[in-house]
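Enquirer: What follows is a predicted structure for the sequence shown.
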Amino acid sequence: MAFNKYIAISLIFCTTLLFSCGGKTVEEQPENLIQKEIFTEMILQLQLIEAHLNEARVDQSVIRDSANNFFQEIFEKHGTSFEYFNNTMNYYASQPEELQGIYDAVLESLSEMEVALVDVKMDQDAISPLGKKQVVDVISQLPIARIFKESSYSSDQTKDSLFKYIAANISLFDSLPYNIESFQKSYIGLTFNQKRYLSFREEVSLMSDSIEKN
């Protein structure tokens, strides 16, 4: 699965460092080599994500989905892909001194951070205990769903309005197999950034339109 491929990057990194010092022939620089500074930053972000997910006490399927999303965002953010990242890793693995310098820089950055600090804007709320479909289904059936069709509403305005509504109608959760805290936490995770919010808003709008037609 994609999760296993991506999470292996940070795990393999340390092993690669240990075994790359045995006189390996220097490889030719590949096309689309990721710049050293950017590559180092990506390694740091992947290490942080791995550490965070290892600490998360949620369902493994949720962790897989979250990891896929976060890792893909890192590649998109830097305009690269897993293939280019892997080629860059192999290139630096053939140059022990270069790789050692990258690893030292990552360790230095990690040592300056608190364990709970994640510089890629992750926190426990980014891990959703509920599935996306569950949250979309609940919201789509509420009168408040209409705000998701208002493009003038920012993600924060939408969240505040939604949370105020469900707080005032707490009985909605009496018949559901989860509580309001889990719902809110899931919503935050599913709309963690603007890209996710817009995708989520579209799904709610489509679902609510379908419900109205029926």
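Expert: All right, it came through fine. Residues are numbered from 1 along each chain as shown.

Enquirer: Could you use CA atoms for every contact and neighbour count after this?
Expert: Will do.

Enquirer: counting contacts, what elements does the helix or strand hosting Leu99 pack onto?
Expert: Leu99 belongs to helix 96-111 when assigned by DSSP states H and E. The contact analysis (3 or more C-alpha pairs under 8 Å, 6 or more residues apart in numbering; DSSP states H and E) places helix 96-111 against helix 2-19, helix 36-55, helix 82-93.

Enquirer: By mean pLDDT, show me the worst of the ones you listed.
Expert: Here the helices and strands packed on helix 96-111 differ in mean pLDDT, and the lowest is helix 2-19 at a mean of 44.

Enquirer: end to end, how far does stretch 179-198 reach?
Expert: Terminal residues of stretch 179-198 lie 25 Å apart, using C-alpha to C-alpha, to the nearest Å.

Enquirer: should've said stretch 29-39
Expert: First-to-last residue span, stretch 29-39, C-alpha to C-alpha: 14 Å.

Enquirer: List the neighbours of it that are in contact with it.
Expert: For stretch 29-39, contacts defined as C-alpha atoms under 8 Å, 6 or more residues apart in numbering pick out 78, 80, 84-85, 87-88, 91, 102.

Enquirer: Disregarding flanking residues, what is the spatial nearest neighbour of Ser109?
Expert: Spatial nearest neighbour of Ser109, excluding adjacent residues (C-alpha to C-alpha, 6 or more residues apart in numbering): Leu44 at 7.7 Å.

Enquirer: okay, Ile147: pLDDT?
Expert: At Ile147, pLDDT is 93.

Enquirer: so where's this structure uncertain?
Expert: Applying pLDDT under 70 to the chain flags residues 1-27, 50-68, 111-129.

Enquirer: rerun that using 50 as the cut-off
Expert: Within the chain, the stretches with pLDDT under 50 are 1-26, 114-128.

Enquirer: Walk me through the domains of it.
Expert: Per the record, the chain has its domains at 2-123, 128-213, by automatic domain parsing.

Enquirer: how about a markdown table for these, with mean neighbour count added?
Expert: Formatted as a markdown table, the domains of the chain follow (neighbours: other C-alpha atoms under 10 Å):
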| stretch | mean neighbour count |
| --- | --- |
| domain 2-123 | 15 |
| domain 128-213 | 16 |
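
Enquirer: sec struct for Ile144, please.
Expert: Three-state call for Ile144 (DSSP: H, G, I helix; E, B strand; the rest coil): helix.
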